[in-house]
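Student: I would like to see how this sequence folds:
(2 chains)
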Amino acid sequence: MRVAVVKKTRLMLGGLLLWSVGIEADLSASEAALPPAAKIKVEFSKDIQPLLELCQSCHGPQQQLGSFRLDSRAAALAGGKSGAVIHLGNSANSKLIHLVAGIQKDQIMPLTGQRLTAEQVGLLRAWIDQGLHWPADLKTTPAPKSQHWAFRPPLRSQVPKVKNRGWVRNPIDAFVLSKLEGGGIRPSPETDPETLIRRVSLDLTGLPPTVEEVSQFLSDTRKDAYERLVDRLLASPHYGERWARQWLDLARYADSDGYEKDLVRPHAWRWRHWVIEALNRNMPFDQFTIEQLAGDLVPGAGLEQKVATGFNRNTLTNREGGVDKEEFRVEQVVDRVATLGTVWLGLTLGCARCHDHKYDPISQKEFYELYAFFNSAIEINLDAPLPGEQGPYLLRKPEYDRKRDALLAEYKVKELQEEWEKRLKDAVAHPGGNDKAEDDLRGLLEVVDWGKEILLQDPKKRSPKQRKILTDHFVRAGFKELSARLDQLEDEYPGLTEAQTLAENPNPPPSHVLIRGDFRRYGAEVQPRVPAVLPPLPQGASPSRLTLARWLISQNHPLTARVTVNRMWQEFFGQGLVLTSQDFGTRGDLPSHPELLDWLATEFMASGWNVKRMHKLVVESAVYRQSSETRKDLESRDVENRLLARQARLRLPAELIRDNALAVSGLLNPAIGGESIRPPQPAGIAELSFRGRAWKESEGMDRYRRGLYVFFLRTVPYPQLTTFDAPDSLSACSRRERSTTPLQALTLLNDPVFAEAARSLAVRVLQEKAGGVNDRLEHAFRLCLSRLPRQNEQDRLLKYYDEKKRLHEKSPDLIEKQFPADDLEGIDTKEAAIWTGISRVLLNLDEFITRN
Amino acid sequence: MDFEELKRIQSRRSFLQDCAGGLGSIALWHLMRQEGRAGSHESAIPNVNPLRPKLPHYTPKARNVIFLFMAGAPSHIDLFDPKPALAKWEGKSLPDSMTKELRLAFIKPSAKVWASPRVFTRHGECGMEFSDFLPHTAARADDICMIRSMHSEQFNHHPGQLMLNCGTPLVGRPSMGAWITYGLGSESQNLPGFAVLSSGPGSSAGSGNWSSGFLPSSYQGVPFRNTGSPLLHLSNLEGVNTEDQRATLDAIRDLNEMAYSEAGDLEIASRIASYELAFRMQSAGPELLDFSSEPPKMLEMYGLNRELTRPFAANCLLARRMVERGVRFVQLVHSGWDQHSNLNPGHKKNCDITDQPTAALLTDLKQRGQLDETLVIWGGEFGRTPMVQAQRDDKVDTWGRDHHPLAFSLWMAGGGIKGGQIVGRTDDLGFNVVEDKVHIHDLHATILHCLGFDHKRLTYRHMGRDFRLTDIAGTVREKLLA
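Tutor: The predicted structure follows:
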């Protein structure tokens, strides 16, 4: 009996087909030569899957020689170019068996590597004879057996023994020192206490230590003075601000939609507020994960848990006229998966959106299986008042409602809106009719989330919020004067803070593989599932976002803990133990200290995912406390400092440069959390956005808040941030660049924000320190650099002091221009102008913007 | 110095030279200073610039690029691609066969055809057709290579503009200017390598159009202004004169050098050099904007004497002056072409603003012999439909056209491009390309070719993958080349 009819004319040179053809003729003839079928009931995962994996490099997701792939039942049965290779229930007549059995000497599969044993062929025969049983959720891709280090769960490493035991403060040191000793390299000595307190303050709070804090630390002779300092910093409310920034980078946080219209998201900050609080409260990282990915699904979810899901609301929203909403909804879901990959898995999952991942064992299908977890989510905005907000709001609400109703009545909004709604509903029901109605409808759908649903809802059943949203849109689209008056009213009676959250869609759409990532081209339908290379979801768990989140923080997960501790390390040392903190896949960097990474990962999990505890462990290590001075002996041996024989000198991130200038000059407004702020920005910047828009500067002390709170408009971000390498907030960023450019110099020299800081610092020095130039120089150095000037520095600045003095004598108008109003509370403006110059020098020093 | 020592120094040197970016050079500079053989700061510092000139893969035809980006999408059938046959279709819908797969932003596939109200005439020895809206550009016909067969898949502005500028509709990728500056560095010691000049309302993709994406931020486009202070924070502060600024910079440099000798970190040396470059930019910037050395006739030719043309004319003249000073890539962004309604008067206005300065730029570059080395590109993110939009009444001036990525026109001139020719053809309706299709990826491949690059080899590793401007596509279109 023939398995398939093969025409001789389809012979192909050099291909597998060539041999296959020959075999066709003799299938039955050679049956006797085949090993016998196994006499057991085969188990796919145990008996068959390991064998099929041998075939995957040629007949798997990457390539399909002879157009044949052997990674699913359907594909196996479909056969290849030359026809079927499996005859269901009849292994003796299946070409596959003849090939693996090597009936003809020059026609043996697999092409390379070990031949299958007679027993193995027997198992395959039995499998075919018994009906080719192939469990739907089991794959044959090589994934489950990947040898890649990062896919194996971290094992608790033995702390190595070292010679110089006196140097070791905690296990971290033993791992690092053991490697150094292996290479005959000595670690660097502990840095001086001034540098140490500045370093650890910047690393834990992002702010420099005050002059008092430095002297207190220097005079603290207790054995545990440093540990006390660390504990104080970990308890500081600024800790949450410092560490929120890293998380915001990962979450691609911004205050606007992105894309063309880039509309403002007035309440995006509510999620940022949640992050700062969670970090300050030291929320365990497992809970931190669950609440942000699936807080809405946690049993008995409270408001704050729903607010946490705002993590996934930081995706971009395209409201450009004429776009297909579905296209960009899909884009958001895709981005949520890619972000999950970067943040928790350290995998470039996004690569598998259009095709199987080229390097990592993640198939395109698996990408869409992860996609399915998020495809069932919808976006909901909730009232999310902060403590103390609701009472006063409710008290004033009746008054606001009265005034608003009066305004709406004055312009006959109710009547006009009814008519408008009717036209729009007509446009929904009968598309292609009235142009104007269609335009208006489009306007509504573009700008208002759930606009169509609200419109079509019976007006009596609309919630008060829905009613307000619809009326607001109607008014803003057509009543200029009334809009302005309503704005005024809103300023006077602010509404409740809202939160952008995620919720489950009661009617979730099915998820499909999207062919080449195109939202219109559906492939096979998929169910929520996790990639096979990673541990499976717990037996019987319903495949929801909550299950996915819990799976990420399960103890046997190989990636989450490693990826997270590596990012911590990156913050404290400038680079991770794995340099590619966003990519732990096969194209990623290998860990410099694999045992240390695994020790930290297991320690993190064992501590109950205690983030502050891990931070404490790292900053108290001897490795962390080393001097950051470069060493000649390391130049040739470890120029990248991967062995950690010294600390790193790190240019501060954009926000911290701002924070430090504000802090040392005394301008900083230390308020924690809350809304975003708009510091002064040069004219002509906001105009670069679509249709140009005004940048309304924050008033009062708000403009002196930390960089973390600076309003981030995606299409035209605040220039100081981008100049110093803040990420673009378009996708998850796990590692910032640190560039050195002339535009940075121009910013520190000439940006009005830094100019104001210099003036303010000058006045501060003059006010706080009576006496001679030398005393004041010392004070200025302590404020800016937490140390005293060295003699050569002092001499150089004294020279500069004299130069400035001469310059001002020559052109006294310069003083007038810097201090136009004599409002310096008795301070001599001549002196203030000189000290403004000295302050500028200090604020521009490499050391000022560097953590040593 | 004995032989052993020489060998030691040389091996240290080659090691440092092999370091990526400018770090190696600055380290070398310090090494030489330590050896007492380096000159002043001035002579050694230029090497620290990450934008220092680099060689491409082959000998290039073009050294610089001026990209006149017409954001919003000009209408090909009203400017460059005459379609008399449209008259026969006027007021009728296109056949279903043409429109069934069509994705349109606003209008329906059944929208009625609107023949162009413009008059086309032939120009130059080559006889290239232009509509009457572009008399000045038309006069440069023999320098221009008109591509009538451009096409794209993106039919909305934001993704469309990113496609044209970055070779992908996805956000977060480097723009053409960033890629080219990354590949070639810049000849200018005192100005950024990639400059952006805007006019009109902001563009849809905003700074995404000149982003450095995942490339180092040194390669991102730097927005310039054509009046006042050309660059952000370029002017000295109020109450600080040049002498004062210099004295302050000297103090900063000296203190940074002291820190360098303490800590020995090359990053400090790099920071020192960046301040020197900033200072040079402070004097180069105003000089760039100072048009007093240009003859009045020249200013007139660009249209600087007229209110309507002045902003765009200033940008065109600045572009020439930048290229002259070694800026690698100048991107002009003129937005406002998105005429869904009022297309006839709207396009006229945009042409009135841009036509004369554009032609003057070509004339000027040619007279100076700079056109051979400068690639000039003019175009938008897609074309516009032959069908009408917003036809509420019979007032033709209120009508408009929707987005049309299936076929549009774009032109190039100068460095490596064969002028005086039309490449590609659309069907009788200007709807589909029927000959010599040029996808945006092909355009990018060809532009990079003119600059001496094999577009497949200009790559950058990001997220474990080597990325290119042309993604996984792009073919150099030989027909366009001189």
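Student: how about the CA coordinates for stretch B:272-281, as CSV?
Tutor: Extracted C-alpha coordinates of stretch B:272-281, given in CSV (Å, rounded to 0.1, in the frame of the first residue of the first chain):
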residue,chain,number,x,y,z
ILE,B,272,35.8,68.5,30.4
ALA,B,273,35.7,68.2,26.7
SER,B,274,32.0,68.5,26.5
TYR,B,275,32.2,71.9,28.3
GLU,B,276,34.7,73.1,25.7
LEU,B,277,32.5,72.0,22.9
ALA,B,278,29.5,73.8,24.6
PHE,B,279,31.5,77.0,24.7
ARG,B,280,32.4,76.8,21.0
MET,B,281,28.7,76.2,20.2
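Student: Centre of the chain to it, how far?
Tutor: 25 Å (Cα atoms, centre = their mean, to the nearest Å).
Student: That stretch and chain A, any residue contact?
Tutor: Yes. Remark: stretch B:272-281 sits within contact range of chain A at B:272, B:274-275, B:277-278, B:281, by Cβ under 8 Å from any Cβ of the partner chain. All C-beta spots, glycine's among them, are computed from the backbone N, C-alpha and C.
Student: Which of these fall in strands?
Tutor: Nothing among those maps onto strands, per DSSP state E.
Student: Just give me the closest of the residues you listed to B:Ser293.
Tutor: For the residues of stretch B:272-281 next to chain A, the residue nearest B:Ser293 by Cβ to Cβ is B:Met281; the value is 19.2 Å.
Student: coming back round to it: taking the residues of stretch B:272-281 next to chain A, tell me the two that lie furthest apart.
Tutor: Longest span within the residues of stretch B:272-281 next to chain A, Cβ to Cβ: B:Ile272 and B:Met281, 15.3 Å.
Student: show me where pLDDT drops low in chain A?
Tutor: A:1-30, A:61-63, A:112-113, A:136-145, A:822-823 (pLDDT under 70).
Student: need the strands for it, in chain order.
Tutor: Using DSSP E, strands in chain A cover A:377-383, A:498-504, A:511-514, A:522-526, A:650-651, A:850-851.
Student: Please compute how far the last one lies from its chain's middle.
Tutor: Its chain's C-alpha centre and that of strand A:850-851 lie 24 Å apart, by Cα atoms, centre = their mean.
Student: Touching that strand from outside, list them.
Tutor: A:198-199, A:202-203, A:649-652, B:267 (Cβ atoms under 8 Å, 6 or more residues apart in numbering or on different chains).
Student: could these be laid out in JSON lines, adding neighbour count and distance to A:Trp551?
Tutor: Putting the contacts of strand A:850-851 into JSON lines (neighbours: other Cβ atoms under 10 Å in any protein chain shown; distance: Cβ to Cβ, whole Å) gives the following:
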{"residue": "A:Arg198", "neighbour count": "21", "distance to A:Trp551": "41"}
{"residue": "A:Arg199", "neighbour count": "23", "distance to A:Trp551": "37"}
{"residue": "A:Leu202", "neighbour count": "23", "distance to A:Trp551": "36"}
{"residue": "A:Asp203", "neighbour count": "20", "distance to A:Trp551": "32"}
{"residue": "A:Arg649", "neighbour count": "22", "distance to A:Trp551": "40"}
{"residue": "A:Leu650", "neighbour count": "21", "distance to A:Trp551": "34"}
{"residue": "A:Arg651", "neighbour count": "21", "distance to A:Trp551": "38"}
{"residue": "A:Leu652", "neighbour count": "19", "distance to A:Trp551": "37"}
{"residue": "B:Glu267", "neighbour count": "19", "distance to A:Trp551": "42"}
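Student: The stretch 51-200 of chain B against chain A: which residues are in contact?
Tutor: So the stretch 51-200 of chain B meets chain A at B:103-106, B:108, B:155-158, B:171-172, B:192, B:198 (Cβ under 8 Å from any Cβ).
Student: And the stretch 251-400 of chain B, by the same measure?
Tutor: So far as Cβ under 8 Å from any Cβ goes, the stretch 251-400 of chain B lies against chain A at B:251-252, B:254-256, B:258-259, B:262-265, B:267-268, B:270-272, B:274-275, B:277-278, B:281-282, B:390, B:392.
Student: Among those residues, the buried ones, what's the PyMOL command?
Tutor: Selection of buried members from these for PyMOL, criterion 16 or more other Cβ atoms under 10 Å in any protein chain shown:
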select buried, chain B and resi 251+252+254+255+256+258+259+263+264+265+267+268+270+271+272+274+275+277+278+281+282+390
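Student: need the residues of the stretch 751-852 of chain A near chain B, please.
Tutor: Counting by Cβ under 8 Å from any Cβ, the stretch 751-852 of chain A sits next to chain B at A:751-752, A:755, A:790, A:792-793, A:796-797, A:799-800, A:803-804, A:807, A:811, A:814-819, A:833, A:837, A:840-841, A:844-847, A:850, A:852.
Student: and A:Asn774, how many neighbours?
Tutor: 12 (other Cβ atoms under 10 Å in any protein chain shown).
Student: hang on, A:Ala654 packs against A:Asp725?
Tutor: Yes. Taking contacts as Cβ atoms under 8 Å, A:Ala654 lies within contact range of A:Asp725: 6.3 Å.
Student: which of those two has more neighbours?
Tutor: Neighbour count, other Cβ under 10 Å: between A:Ala654 and A:Asp725, A:Ala654 has more, with 25 against 18.
Student: Tell me how far the more buried one lies from chain B.
Tutor: 11 Å (Cβ to the nearest Cβ, to the nearest Å).
Student: A:Leu88 too?
Tutor: 39 Å.
Student: Check A:Pro35 too.
Tutor: 43 Å.
Student: burial count for that residue?
Tutor: A:Pro35: 18 neighbours (other Cβ under 10 Å).
Student: gap between the closest residue to it other than its chain neighbours and chain B?
Tutor: Leaving aside its chain neighbours, A:Pro35 sits nearest to A:Ala118 (3.8 Å; criterion: Cβ to Cβ, 6 or more residues apart in numbering or on different chains). A:Ala118 is 42 Å from chain B, where distance means Cβ to the nearest Cβ.
Student: A:Phe479 now?
Tutor: 22 Å.
Student: what's near enough to touch that residue?
Tutor: Applying Cβ under 8 Å, 6+ apart, the residues near A:Phe479 are A:411, A:413.
Student: Any figure for the gap between it and A:Arg462?
Tutor: With the distance defined as Cβ to Cβ, to the nearest Å, A:Phe479 ends up 20 Å from A:Arg462.
Student: Also B:Ser198?
Tutor: 43 Å.
Student: So for those two, which residue has more residues nearby?
Tutor: B:Ser198 (28 against 16).
Student: Am I right that the more buried one is in contact with B:Gly336?
Tutor: No. Using Cβ under 8 Å, B:Ser198 makes no contact with B:Gly336, being 11.0 Å away.
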